[in-house]
Each structure stands twice: as C-alpha cells, then as structure tokens.
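1. Sharing a sequence plus its predicted fold:
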Amino acid sequence: MTQYLLLIYAEESTFAEMTPDQLSTEMGAYVAYTQDMAKAGVLVAGDELHPVATAKTVRAPGGKQKVVDGPFAETKETLGGYYLVNVENMEDALAWAAKCPGARYGSIEVRPVVMR
C-alpha cells in the first residue's frame with residue numbers, strides 16, 4: 001500500500017456564490033465521499049482548510065526568517081483541503097480523486113507520499 005495526498009483546489013468564490021441549499025448539498029456530498037473512503041478502508045486523514053487570506057508563507061534566506069501574508073503564487077484556484085489515502089497504486093488514488101466532489105468545479109492534485 002502507498003499513501004497519496006489528494007489536494008483539492010478551487011476558486012474560493014465557488015462556495016461564497018452558492019445558496020444555502022446548494023452549500024448544504026455540497027457539504028453533504030463531501031460527508032458521503034468521506035464516509036465512502038472510510039468504509040473502503042483507504043482514508044488516513046482529511047480536512048478543509050481556512051481561506052487563503054489566513055495563510056502565511058515563511059522563507060529563511062541566509063537563516064533569517066521572513067514571513068509574508070498569503071500563498072506563494074497568485075492564482076485563482078487555491079488549496080482548500082486535502083485527503084490522505086492509503087491505496088494500492090496511483091490508478092486507485094486517481095479513481096478516488098475523480099469521485100471527490102471538488103473535481104466537479106476545481107481540480108484534485110494527486111501526489112504520492114514519500115514513505116521512509
């Protein structure tokens with residue numbers, strides 16, 4: 001088994017533009033997806049992240065700490081959450097990523113975790 005990180009990217013305005021009923025339906029889809037992963041025994045962890053405006057980026061050139069607000073790159077789609085899964089191979093990870101509700105309006109980056 002190999003662990004893969006499913007990184008969920010979308011425009012932050014996606015949820016802000018939803019009606020309360022649409023938002024409830026979307027959150028229900030995430031709950032069902034998470035439960036499906038847990039039942040299949042592949043879910044290791046997963047969480048939603050706070051908006052990108054709450055992020056800080058840290059660099060330490062020459063050992064001197066520098067902190068700036070926000071993400072490193074300017075982009076419309078931002079990292080909104082993740083799932084860590086334990087599956088047989090990349091194909092299985094991609095199959096789970098395709099089922100993620102976020103794949104309908106954003107993108108899911110799938111990356112293998114280096115296991116040491």
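-> Structure's in. What do you need?

2. for this structure, what's the longest helix?
-> If you go by DSSP state H, the chain has its longest helix at helix 20-40.

3. Against which helices or strands is that helix packed?
-> Judged by 3 or more Cβ pairs under 8 Å, 6 or more residues apart in numbering; DSSP states H and E, helix 20-40 is in contact with strand 43-48, strand 77-87, helix 90-99. Where C-beta positions appear, they are placed from N, C-alpha and C, glycine not excepted.

4. which one of the ones you listed has the most crowded surroundings?
-> Mean neighbour count (mean count of other Cβ atoms under 10 Å) peaks for strand 77-87 among the helices and strands packed on helix 20-40, with a mean of 19.

5. Does anything pack onto that strand? Which helices or strands?
-> Secondary-structure packing of strand 77-87 (3+ Cβ pairs under 8 Å, 6+ apart): strand 2-11, helix 20-40, strand 43-48, helix 90-99.

6. Within the sheet, what are the partner strands of that strand, with directions?
-> According to DSSP bridges, strand 77-87 forms sheet pairs with strand 2-11 (antiparallel), strand 43-48 (antiparallel).

7. Give me the mean pLDDT for that strand.
-> Per-residue pLDDT over strand 77-87 has a mean of 94.

8. Show me which parts of the worst-scoring helix or strand of the chain on mean pLDDT are buried, residue by residue.
-> Lowest by mean pLDDT, DSSP states H and E among the helices and strands of the chain is helix 13-16, with a mean of 85. The neighbour-count check on helix 13-16 (16 or more other Cβ atoms under 10 Å) flags nothing as buried.

9. pLDDT below threshold where in this protein?
-> Applying pLDDT under 70 to the chain picks out residues 71-75.

10. coming back round to it: for the helices and strands packed on helix 20-40, could you give me JSON lines that also reports distance to residue 10?
-> JSON lines is the format used below for the helices and strands packed on helix 20-40 (distance: least, Cβ to Cβ, whole Å):
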{"stretch": "strand 43-48", "distance to residue 10": "11"}
{"stretch": "strand 77-87", "distance to residue 10": "6"}
{"stretch": "helix 90-99", "distance to residue 10": "13"}
